[in-house]
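Peer 1: With the input below, show me the fold.
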Amino acid sequence: MSPEIGLGDILAVQEAVLAARQAQVAASRASVTRMVAKRAERHPNHGERLHGMDAIHSRLEHMGRYATSEVLSSQPAGRPAPRGPGPASRPADTEALARGITMRTLYRDDTRNQPHVAAYAHWLLTQCADRCRTIPRCAAAVAV
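Peer 2: Now for the predicted structure:
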């Protein structure tokens, strides 16, 4: 038998095995896609994406108004927020504290250098004792 025929037969067998394996991978991919889609239907994303500062402040006000036990937040330093934290958020926070809501807040250490944030944090400390802490790094603003 010539080498071309023998090697061609070996190569044809390998190509058939490869084609069968590719079909198995495609079937697995389709199965995974179906499973992910079914799971997404049963377990929708529980996150919420807000666009713009007005939407964020509105949602925070709503969360504070309807909180039932506690409000947890992290406040990274960097840019001053015109509507909070600070004097603008004190009435809502005072109302939440009066309803017995526990407020726990993490600030970055360098917020001490921002007078409006530092003043608000000190006010909050007078309202809810040791519920404010500073940490070296705080990745993002989060409210729970």
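Peer 1: how about the helices of the chain, start to end?
Peer 2: Assignment of helices within the chain using DSSP state H yields the ranges 3-42, 53-66, 90-98, 115-128.
Peer 1: quick one: the longest one to chain centroid distance?
Peer 2: A distance of 37 Å separates the C-alpha centroid of helix 3-42 from that of its chain, computed with CA atoms, centre = their mean, to the nearest Å.
Peer 1: and if you look at the second one?
Peer 2: Between the centre of helix 53-66 and the centre of its chain there are 17 Å (CA atoms, centre = their mean).
Peer 1: residues of it that come out buried?
Peer 2: Ile56, His57, Leu60, Gly64 (16 or more other CB atoms under 10 Å). No exception for glycine: its C-beta is placed from N, CA and C like everyone else's.
Peer 1: Give me the residue ranges of this protein where confidence is low.
Peer 2: Counting by pLDDT under 70, the ranges of the chain that qualify are 44-47, 77-88, 129-130, 139-144.
Peer 1: tell me the domain boundaries of it?
Peer 2: Under the assignment named as automatic domain parsing, the residue ranges that make up the domains of the chain are 1-46, 53-143.
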